[in-house]
Structures are given as C-alpha cells and as structure tokens.
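Peer 1: return a 3D structure for these sequence lines:
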Amino acid sequence: MDADLTLEFFDTPQPFLDAAGELLAANPVLGSVIASVSQRTARELADGRDSWAEAHAPFERWWVVVRDGSGEVVSAVMRTAPFKPHPSFSMPLPDPAARALAAALHERGEVLGGANGALPGAAVLARSTAELVGGEVVTDKATRLWEATSVEVPPAPEGRLRQASEDDAALVLAWFEAFHAEADEQAGREPDPTAGEHNTLDSVLVRIREGVEWLWELPDGTVAHLTGSGLPAYGVGRIGPVYTPKEFRGRGIASYVVGELTRRGLEAGHRMCLFTDRANPTSNKIYAGLGYEPTVDMAEHLVTVPGTP
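Peer 2: Below you'll find the model as predicted:
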C-alpha cells in the first residue's frame, strides 16, 4: 500500500462516525449509504438492540477509515450487510487502499464474498480479494447514484399518499421481498429468491416507526404502491425502495410519489438522492424526467471462492 495511506478498523458505529464525520459531511451524497446505515446501527445499539446477530454471519461487522499521510480521512468502507455474501460497501477508494484492505481481511482469515460501492475502488477490492483466494469476480449488478437539486413533480394520480402504519407491516415486508425479485426480472437477470430474506417483520417495524415508509392508497382503499424515504444523514435523504405491484403499474403512481417525496425533502432543506439499476432503462428514464442527475456509477461484485457453496 502507499506508505502515506493507513487503514483504521472499528467494530462499532459511533467511534467510526466520530472518525469519519468530516468526510461524510463533506461528501454526504457519496457517503449516504454508509452514513445512514451507520447512524441507524448506532441508534439501534443505543436502544439495547442488535439485529446483526440475526444475520448469522461468520465474521464480526466492521467499519474502516482510510487516512492519508497527514491523518486526514480520505475514504470509508463498511461490511455490515445482513444478506449473503455480506458484501462490503465503499466510498471512492484509492486503489492502494483497496488492495491493502483485501490483504488485511485475507490475513485475518475473513472471506470477502462481495464488494459494492463506488468505482473503480470497489472493483479493485473485489479483484484483489479474488487474486488472494484464487477465485473469480462477477459483476452482479451495475448501479448509478443520482441526485436531484430540483424536481418536476408530475400530476397526482387518483388516490392519496400516506405513511405506512404498524398495521401495514406484513404488506410492507412482502413488498420488500417482491421488490428484489422483480427488480432482477425487470433488468433481465435471473431473480434471486433469497435476495429479500434479510428483511424481517422487526426490521420493517423499525422503519415504519421511523416514518420512512410511504404508501399510495387508491380511492377505494386499496394500497397500490410503496416508496421508502430514509431519515436524512448529514443533510441527505435517500429514496428507496420504490415498488408498484404489476397490476397497478402504468398509472404514474411511482413517478408522482418519488417526485412528491423528493419535493418535500428539498423544501425541508435536504439534498435528495437515489440509486437505480443501470440495466433497467425504465427507472432511469423516470428519475431523469423528475430532475435527478447522475452522480457516480457503482457496482456490486461477487467473489467466487473455490470450495465454498
């Protein structure tokens, strides 16, 4: 690794947030996932809960900051994903730091089965890991991070927007699971039936109590759409997931709801972002039409390791 770069590991979120705070505040859109997940985990631990135990991962979750020669934090990485293969997620990561992180994890016997995040650093981390274990890298999904500094909200369809309540929890959970499978289908990939298994009724209830899940209700009371709009982290709110069952598509519901929640966020003084699957031209076109602009391309990489299922 570049002699001027060092890695600092953390096993709990708050000390990591204390160390990475200036970086996350200076790059709040790029750091949106790391910041929001870390803050939610810190809130959870402060409440005496720890959902990580439910993930049954063969390692302890971790956070890393990358420091330059002056000690300034220049990047951040975490491995907290509750779903297999528990991929890491990184902000823009210098190549030498990515290689050093792969070596550090390998040295302590931790198998990194996937690396998500900003390119090219996430790809370098995945390739370096594969080289160390004699495995191969597969780009599982190409994603794009978008930001809206203004928004054009389309006309509202018939119905109303409301926050999900605890009575909606079972439906929200079912739609979280359907979202993953149908997103693969829309992008031309073979749906992964296990993709949404990390969602639980308890995790959905946490989100509902935070007030971040929104539903579109038709005039007859039928619930026809779900959009998440997360709590802002360092002044940035992130939209997602966005899910409309097939029988309710084509009515402009998703466009309106995403546009309206984006408008509310911007009017509250927040920056607003979201992710799209680059293989899904429909969602990319919809969000561009609302006023979202591409910020950075990311990708999800899988590392196949010989002898492992």
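
Peer 1: spit out the contact partners of the closest residue to Ala233 other than its chain neighbours.
Peer 2: Distances taken as CB to CB, 6 or more residues apart in numbering place Ala35 nearest to Ala233, at 3.8 Å, with adjacent residues excluded. Yep, even glycine has a C-beta here, placed from its N, CA and C like the rest. Going by CB atoms under 8 Å, 6 or more residues apart in numbering, Ala35 touches Leu17, Leu24, Pro28, Ala233, Tyr234, Val236.

Peer 1: out of those, who's the most crowded?
Peer 2: Within those, most neighbours by other CB atoms under 10 Å means Leu24, with 25 neighbours.

Peer 1: now do the helices in this protein.
Peer 2: 13-26, 32-46, 95-107, 121-133, 169-186, 201-210, 253-267, 281-290 (DSSP state H).

Peer 1: mind checking which of these is nearest Leu7?
Peer 2: helix 95-107 (6.0 Å; CB to CB).

Peer 1: can you list the domains in this protein?
Peer 2: The record's domain parsing of the chain by automatic domain parsing lists 6-142+298-304, 160-290.

Peer 1: center of this structure, which residue is that?
Peer 2: For the chain, the residue nearest the mean C-alpha position is Val33 (5.1 Å; CA atoms, centre = their mean).

Peer 1: need the contact list for the residue of the chain positioned farthest from its centre.
Peer 2: Largest separation from the mean C-alpha position in the chain: Asp220, at 33.6 Å (CA atoms, centre = their mean). For Asp220, no residue meets the contact criterion (CB under 8 Å, 6+ apart).

Peer 1: just the pLDDT at it, thanks.
Peer 2: pLDDT recorded at Asp220 is 97.

Peer 1: pLDDT below threshold where in the stretch 51-200 of the chain?
Peer 2: Applying pLDDT under 70 to the stretch 51-200 of the chain flags the ranges 183-198.

Peer 1: mind jotting down where the strands sit in it?
Peer 2: Along the stretch 51-200 of the chain, the segments classed as strands by DSSP state E, counting those that start in this stretch run 62-67, 73-79, 88-90, 114-118, 136-148, 160-163.

Peer 1: can I get those strands in CSV including distance to Ala181 and mean neighbour count?
Peer 2: Compiled in CSV, the strands of the stretch 51-200 of the chain are given as follows (distance: least, CB to CB, whole Å; neighbours: other CB atoms under 10 Å):
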stretch, distance to Ala181, mean neighbour count
strand 62-67, 29, 22
strand 73-79, 24, 23
strand 88-90, 22, 25
strand 114-118, 19, 26
strand 136-148, 13, 17
strand 160-163, 25, 13
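
Peer 1: rewinding a little: now render the domains of the chain as TSV, adding distance to Ser150.
Peer 2: TSV is the format used below for the domains of the chain (distance: least, CB to CB, whole Å):
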stretch	distance to Ser150
domain 6-142+298-304	15
domain 160-290	7
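
Peer 1: those: which one's closest to Pro154?
Peer 2: domain 160-290 (5.1 Å).

Peer 1: ok so, going back, contacts only, for the residue nearest to the centre of the chain.
Peer 2: Contacts of Val33 by CB under 8 Å, 6+ apart are Phe89, Arg238.

Peer 1: what residues of stretch 233-249 count as buried?
Peer 2: Buried residues in stretch 233-249, counted by 16 or more other CB atoms under 10 Å: Ala233, Tyr234, Val236, Gly237, Arg238, Ile239, Pro241, Val242, Tyr243, Thr244, Phe248.
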